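K.L.:
sequence plus the predicted model coming up.
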Amino acid sequence: MAVDSSTDQVSRTNWPSPFGVRTRLVASSALMLFLELALIRWTGSNVVHLSYFSNFVLLGSFLGIGIGILRSSRAKRLPYYSPIMLGLLVLVIAWKPVTVNRGSSESVIYFTSLNTTGPPVWVILPIVFIAAAVILAGPAELVGRCFAELPRLTAYRFDLVGSLIGIVAFTALSFLGAPPIWWGAIVTWMFGALMIPRTAGSGRRVVATGLSAVLTLSPLLVMIGVLFHESRQPENSWSPYYKVQTKSYTWQGVPLLTITVNGVPHQQAIPADARLQWEPQYGLPYERANAGKAPKNVLIIGAGSGSDVAIALKKGAEHVDAVEIDPRIRDLGKELHPDRPYQDPRVTSHIDDGRAFLSRTDKKYDLILLALPDSLTLVNGASSLRLESYLFTEEAFKSAKEHLNPGGAFAMYNYYRETWLIDRLASTAQTAFGHKPCVDQVGDDLQQAVVTVGLTEADQTCGDKEWAGATSITPPPATDNRPFLYLFTDRIPSLYLVTLGLIMVAGLIGVGIAGGGSSYRRMRPYADLFLLGAGFMLLETKSITGFALLFGTTWVVNAIVFAGVLVAVLAAVEVTRRFRTPPLKVMYVVLFGGLALSWIFPDEWLLGMPVGLRAVVAVLIAFLPIFAANVIFAKRFTDTADGTASFGANLLGAMLGGCLEYAALLIGFDGLLIVAALLYVGAFLLTPKVRAAVRT
C-alpha cells in the first residue's frame, strides 16, 4: 500500500545510513526505547527524588517522541540536536548531581535524605523534562522518516519489533548488572550507525561526512567519558533498581558497611550484638511476640544486607526465610556483612517481592517481620506505585495473618517520619487481626516505631505499649486498589497538580513550535487516535499495577509485562494485516467487554488461584482490551491520509494518559478502567464516518 499524501513524502537523500528502510526502522525504534529506559534509570540515580518521579521523565519522552514523529515529514537535516542534548544533560547532571528540594510536605512522605543539595526544584525539573523531550525527539524523527517510506501497518509492525529489541537489550543489561558505560556505548554506536555516512565521494561529501561525525560523536564521547568515570569508581555498582554505593569503616571498634542507593543512605550492615546494644528497639518484636519465646520459624521481608537476619538468629530462630527484592544488596550482604548471616545454614535467601512470596508459599511462621522495606523508587511505568506499596495494605496484613502458626505474630519497624503514618499502620493491623497492636515509638524527629500484633490478643505482650487507637485525623487503611500508604489526604497533592499542569502547557507549546504552526491542523482529523493513545496508556498502567500485585513488583515482572504489552500490540497488527477483521463498531464492543471483564473480576479471586492458572487468567483479562484497542488503532491507522501526523497524535495522547494516571490517587487503580472507558467512548464518537481514501 502506498499513500499518495504529500505530507508523507520525505526525501531520502539526507539519510546517510546504508541500511534498508526496514533495518533502519527497527534500529531507530530499538534506540528510542533503549534510550528512554536508560534515561529513566540514569537520571533517577543522580537526581535524587526522580526515583519517585520516573514517570516525569517518561512523560517528557512521550512528548519528545510525538514531536519527533511530527517533525519527520518536514525536517531537512538529521536530528543532530538529540546527541548534543544528551551529552549536555549527562555533563550537567554529573557536574552538579542534585537532590530535588521539596522541603516538608503534609500530604505525602518521601523517605529520602533530610538535607538536599543541588539546583532548586524549579530549575532542575524543567531541565530534565525538556532535555528528555529533545533527546527522544531525535530517534523518533528517524522512526518517522521510515514510516513515510513504508505501508502503514508494515512500518508499525517493524517499529514494534524494534521496541521489543530495545526492551530486551536493556533488560539483559539489568540482569547482568552492567554499569552505565555499557548503556552509553550502545547508544553511541546506534546513533553513529544511523547518522554517519559510511562512504565518501566528492570533496563536499567528505566534508559533510566529517561534519556529521563531529556533530553526532563529539557530544556522545563526552557522555562516554562521564559514564566511564562513574562506572569505574570502586564503590559504585548497579542493581536492576539503583546505583549502589558502599563504604566500609570501623566505629568504636565495630566493623560497619554503609549502603547508599541513588544518593540516599539506605541501610547499614552492623553486627547483631552492636545493633541491639545501640538500638535495642530492633529486638522489640521478639519481646512483644510469642510471650517473649524465641520464634522457631521466621520470615523477614526486606532482608537487605542481612542485619535483621543476624538479629533473628541471635534471638534463637531455628530457620529464617530472608526475602529481599534487590539481588545486588543481598549479594553485598553475603560478601561484606560482618556476621555473615546469609552463610548460616539456618537461612534460606529469596530474591522476590514480599507480597508475591506470601501468595505463593504455603509455609507458616512464628514471626513475620517487615524490616524497613522502603524502596526509594517506583515501579517503572506506574506513576505512584512504589516497590513496597502492596506490602502495607489491609489485604497484605490479612495474608500475613493467614501464614502465622498458632501463637505467632506479625511485626514491622521503620523510620516513619509522621505520627499519622504510625497510626495508619496500627489501624491496618487492628482491622486485619481484630485487636489493637503493640506500638513502641522511639522519640526522635524520624519517628522510628515498632508495631507488633499477635495472631490473637493473647499472643502479644504489650504492657503499657498497647496502641491508644485511631484519632480523628488517622487515615483509613491502604488497600490493594489504593495502595498509597504515604498519602495523607484523599486529594492529589498540589505538587503533582502543578507539575502536571506545567507538563501539559509545555506539551502544547512544544508541539506548536516543532510543527511550525501546522501541527495542530495536521492532527485535527485524528482526535480519535489521540484519545486511543491516552486510553492505551491507562490500560498499560493498569496491567503493570495488576501484575505487580499478582506476581510481584520485581523488575523481572515489570519487564515481562512491558514486553507482553508490545507482543499483544504486535499480535493485533499482524491479525489486522493478515485477516479480515470485524468492523470498528464490533471491535469497540469487544473492547468495552474486555474493560467490563477487568472491572468485575476481583483481584482477590486471582490471588486465590494457583500460580499457573492465575497467570493464564490474568493474561486473558489484561490483554483482551489491549488487543482489541490495538486492532481498532491498526484499522484506523491504515486508512489515515497523513501517517506521521496520525501516529504523532496517538503518541501525544499517550502523554495525556500518563498524566491521567495520577487520578488513581483519588479513585484507585480500578478507577482507571472507568477513565479509559470514557476516553474510548470519546474516540468512538470522534471516529470519522467516512474512511479516508487511500490507493493500494
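P.N.:
That came through, no problem. Numbers count the residues shown, from 1 in each chain.
K.L.:
every contact and neighbour count from this point should use C-alpha atoms.
P.N.:
Fine.
K.L.:
let me see the ranges of the strands in the protein.
P.N.:
47-48, 98-99, 236-238, 243-251, 254-261, 264-269, 297-301, 319-324, 347-351, 365-371, 404-415, 438-442, 448-454 (DSSP state E).
K.L.:
between those strands, which one is closest to residue 637.
P.N.:
strand 47-48 (38.5 Å; C-alpha to C-alpha).
K.L.:
which other helices and strands contact the closest one?
P.N.:
Packed against strand 47-48 by the contact rule (3 or more C-alpha pairs under 8 Å, 6 or more residues apart in numbering; DSSP states H and E) you find strand 98-99.
K.L.:
let's go with 10 Å and repeat that
P.N.:
strand 98-99, helix 121-147 (3 or more C-alpha pairs under 10 Å, 6 or more residues apart in numbering; DSSP states H and E).
K.L.:
in the stretch 551-696 of the chain, where is pLDDT below threshold?
P.N.:
The stretch 551-696 of the chain contains residues with pLDDT under 70 at 690-696.
K.L.:
correction: the previous question concerned the stretch 251-400 of the chain.
P.N.:
Low-confidence segments of the stretch 251-400 of the chain, defined by pLDDT under 70: 291-292, 375-383.
K.L.:
same deal with the stretch 51-200 of the chain?
P.N.:
Checking the stretch 51-200 of the chain against pLDDT under 70 turns up 51-54, 97-122, 197-200.
K.L.:
so which residues of it form helices?
P.N.:
If you assign secondary structure with DSSP state H, counting those that start in this stretch, the helices in the stretch 51-200 of the chain sit at 54-71, 81-95, 121-147, 152-176, 180-195.
K.L.:
of the helices and strands packed on strand 47-48, which is nearest residue 514?
P.N.:
Of all the helices and strands packed on strand 47-48, helix 121-147 sits nearest to residue 514, with 10.0 Å by C-alpha to C-alpha.
K.L.:
chain center to that closest one, what's the gap?
P.N.:
Centre-to-centre, helix 121-147 and its host chain are 19 Å apart (C-alpha atoms, centre = their mean, to the nearest Å).
K.L.:
report the buried residues of that helix.
P.N.:
124-126, 128-147 (16 or more other C-alpha atoms under 10 Å).
K.L.:
report the angle between it and helix 152-176.
P.N.:
If you take axes from the mean of the first three to the mean of the last three C-alpha atoms, to 10 degrees, helix 121-147 sits at 130 degrees to helix 152-176.
K.L.:
which one of the helices and strands packed on strand 47-48 lies closest to residue 587?
P.N.:
With C-alpha to C-alpha as the criterion, residue 587 lies closest to helix 121-147 of the helices and strands packed on strand 47-48, at 25.3 Å.
K.L.:
just so I know, which of the helices of the stretch 51-200 of the chain lies nearest residue 251?
P.N.:
From these, taking C-alpha to C-alpha, the stretch that ends up closest is helix 81-95, at 31.0 Å.
K.L.:
between that closest one and helix 180-195, how big is the angle?
P.N.:
Following the same axes, to 10 degrees, one obtains 160 degrees for the angle between helix 81-95 and helix 180-195.
K.L.:
how about helix 81-95: buried residues?
P.N.:
For helix 81-95, using 16+ other C-alpha under 10 Å, the buried residues are 82, 83, 84, 85, 86, 87, 88, 89, 90, 91, 93, 94.
K.L.:
including distance to residue 498, could those go into a markdown table?
P.N.:
Formatted as a markdown table, the buried residues of helix 81-95 follow (distance: C-alpha to C-alpha, whole Å):
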| residue | distance to residue 498 |
| --- | --- |
| 82 | 28 |
| 83 | 30 |
| 84 | 29 |
| 85 | 26 |
| 86 | 26 |
| 87 | 29 |
| 88 | 27 |
| 89 | 24 |
| 90 | 26 |
| 91 | 28 |
| 93 | 24 |
| 94 | 27 |
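K.L.:
just the closest of those to residue 217, please.
P.N.:
Nearest to residue 217 among those, with distances taken as C-alpha to C-alpha, is residue 83, at 7.7 Å.
K.L.:
what sits against that closest one?
P.N.:
If a contact means C-alpha atoms under 10 Å, 6 or more residues apart in numbering, then residue 83 has 89, 134-136, 138-139, 187-188, 191-192, 215-221, 223 as its contacts.
K.L.:
residue 29 too?
P.N.:
Shown in contact with residue 29 (C-alpha under 10 Å, 6+ apart): 23, 35, 139-140, 142-144, 158-166.
K.L.:
quick one: closest of the helices and strands packed on strand 47-48 to residue 261.
P.N.:
Using C-alpha to C-alpha, the nearest of the helices and strands packed on strand 47-48 to residue 261 is strand 98-99, at 12.7 Å.
K.L.:
and residue 607, how far is that from residue 356?
P.N.:
Distance of residue 607 to residue 356, given as C-alpha to C-alpha, to the nearest Å: 9 Å.
K.L.:
of those two, who's got more company?
P.N.:
Between residue 607 and residue 356, counted using other C-alpha atoms under 10 Å, residue 356 has the larger neighbour count: 20 against 16.
K.L.:
wait, the more buried one sits on residue 400?
P.N.:
No: assessed by C-alpha atoms under 10 Å, residue 356 is found out of contact with residue 400, at 11.4 Å.
K.L.:
could you check how far the nearest residue to residue 43 once chain neighbours are set aside is from residue 186?
P.N.:
Here the nearest residue to residue 43 in space, its sequence neighbours aside, is residue 50; by C-alpha to C-alpha, 6 or more residues apart in numbering that works out to 7.0 Å. Distance of residue 50 to residue 186, computed by C-alpha to C-alpha: 24 Å.
K.L.:
so who does residue 567 touch?
P.N.:
Applying C-alpha under 10 Å, 6+ apart, one finds that residue 567 lies in contact with 160, 161, 164, 561, 573, 623, 627.
K.L.:
most neighbours among these, which one is it?
P.N.:
Most neighbours among the contacts of residue 567, by other C-alpha under 10 Å: residue 627, with 25 neighbours.
K.L.:
where's residue 685 relative to residue 523, distance?
P.N.:
Taking C-alpha to C-alpha as the measure, residue 685 falls 17 Å from residue 523.
K.L.:
follow-up on the earlier one: list residues touching both of residue 356 and residue 400?
P.N.:
Between them, residue 356 and residue 400 share the contacting residues residue 391, judged by C-alpha under 10 Å, 6+ apart.
K.L.:
picking that back up, okay, residue 685 and residue 523: which has more neighbours?
P.N.:
Per other C-alpha under 10 Å, whichever of residue 685 and residue 523 has more neighbours is residue 523, with 20 against 11.
K.L.:
now that the more buried one has come up, it's in contact with residue 642, right?
P.N.:
Yes: at 8.6 Å, residue 523 and residue 642 qualify as touching, with contact defined as C-alpha under 10 Å.
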